[in-house]
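In: fold the following.
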Amino acid sequence: MTAPAATAAISEKRPSVVQKLWPPTPRSVSRARRLLAEHLVAWGLSHVLDEAELILSELVTNAITHARPPYGRLIATRFERLADGVRIEVHDAGEGKPELRDAGAEEESGRGLGLVDALTRGMWGVGDRDGPGKVVWAVCTAPGDGVCP
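Out: Presented below is the predicted three-dimensional model:
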């Protein structure tokens, strides 16, 4: 286990915002998770790691599956360190906006945003971005703060 002073020194060397472009392929989901995990641990935020990785997986998977960007368009992730958690953003060039819905018991998909909504206690949304498409964001904070139980 890393000593608190060592963890503080490591986290000070990490930028508070991390951005990366990804090809719109399934392999990008696990790579983005690894990048997020690396930074959460370095920032001393490993207590939100499991929930944040799950949220990111859902958002990147949605961008790959539903946004259907034109050939050559990449997906971007942005992680912003907060005092007690992380803001996760996924940018894509798709015009469609994701909506929270109730998936039927027999449906094989449609539960991802419900999971994101539950894990963030509603602290997520969709917004515009520079250029075509949208940004889908979610905030995951420490358990005592009512988000990401």
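In: C-alpha only now, for contacts and for neighbours.
Out: Noted.
In: quick one: the strands in the chain?
Out: Residue ranges of the strands in the chain, as given by DSSP state E, are 17-22, 75-82, 85-92, 124-127, 134-141.
In: and the angle from the third one to strand 75-82?
Out: Strand 85-92 and strand 75-82 meet at an angle of 160 degrees, taking axes from the mean of the first three to the mean of the last three CA atoms, to 10 degrees as the criterion.
In: hang on, the earlier thing: mean neighbour count and distance to residue 64 for the strands of the chain - can I get that in CSV?
Out: Listed next are the strands of the chain as CSV, based on neighbours: other CA atoms under 10 Å; distance: least, CA to CA, whole Å:
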stretch, mean neighbour count, distance to residue 64
strand 17-22, 14, 10
strand 75-82, 20, 8
strand 85-92, 24, 9
strand 124-127, 15, 16
strand 134-141, 24, 13
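In: any chance of the ones you listed in a markdown table, with distance to residue 37 too?
Out: Formatted as a markdown table, the entries for these read as follows, by distance: least, CA to CA, whole Å:
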| stretch | distance to residue 37 |
| --- | --- |
| strand 17-22 | 12 |
| strand 75-82 | 11 |
| strand 85-92 | 11 |
| strand 124-127 | 20 |
| strand 134-141 | 13 |
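In: including mean pLDDT and distance to residue 118, could the ones you listed go into CSV?
Out: What follows is those, written out as CSV (pLDDT from 0 to 100; distance: least, CA to CA, whole Å):
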stretch, mean pLDDT, distance to residue 118
strand 17-22, 96, 25
strand 75-82, 96, 20
strand 85-92, 96, 15
strand 124-127, 95, 10
strand 134-141, 95, 11
